[in-house]
Structures are given as C-alpha cells and as structure tokens.
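Undergrad: Show me how the following folds:
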Amino acid sequence: MQNHGPTVSIYYQDPDGNTLETQVDCFDTPEEATELMESPDFGINPIGTDFDPEELCRAVEAGEDDRKLKVRESIGARGSPEDMEVIMEKWASAKVGV
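TA: Coordinates of the predicted model:
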C-alpha cells in the first residue's frame, strides 16, 4: 500500500497470482500533481510512503476529509537507484499481457 504522492495505490494478488492495483488520484488538476513531482521531496523519494489500508478505511468511515487523507507524508529519501531499478523491473513484468 503506497501513497506515491500523485496517487494512492493498493495492491492485491488474486488467487491466480495476478497482481492488481487500484489507485485514486490525489490532486484535482495535472498542474498540482506536476508541482509535487517537481518538488525536492519527490526527487529524493519518488516511490512514496507506505500506509495501513485498515487505518485508511477507518478514517474514511469516520468522515475524515479525503484531501487530508491523500496528503503524502514526508519521510525523506527512500531506496537507492538500484532499488528503484528492481521495482521498475517487477512493475514491468507484472504489466506483461495487460
């Protein structure tokens, strides 16, 4: 479960072993998303932050403002360039046949 910044994503693996991603856009306009992606924080952490999906569900059910729930927590640098390569390879292999 990742808050990437421009989107919040939840990943599932179905019984056949397929990886599924559901996502929600965090911004109302492309310009807002671009502003985040050009920020220094995104530059040192393009992967995002983990979150607890059950905690998110509780907050939604409690009526918390969705704009607040979509804000990506700043955690500093995450992963090396090599880590990012591995993640992108996994992503590409999961998308084969889509």
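
Undergrad: make it CA atoms for all contacts and neighbour counts henceforth
TA: Noted.

Undergrad: residue boundaries of the helices in this protein?
TA: 30-37, 40-44, 53-61, 66-69, 81-95 (DSSP state H).

Undergrad: other SSEs contacting the fourth one?
TA: This means helix 66-69. helix 53-61 (3 or more C-alpha pairs under 8 Å, 6 or more residues apart in numbering; DSSP states H and E).

Undergrad: tell me what the helix it packs on is packed against?
TA: helix 66-69.

Undergrad: which residues touch the helix it packs on?
TA: Applying C-alpha atoms under 8 Å, 6 or more residues apart in numbering, the contact partners of helix 66-69 are 26, 56, 59-60.

Undergrad: and it, how far out from the chain's middle?
TA: 14 Å (C-alpha atoms, centre = their mean, to the nearest Å).

Undergrad: ditto for stretch 63-74
TA: Distance of stretch 63-74 from its chain centroid, counting by C-alpha atoms, centre = their mean, is 13 Å.

Undergrad: Looking at it now, give me its mean pLDDT.
TA: Stretch 63-74 shows a mean pLDDT of 91 in the predicted model.
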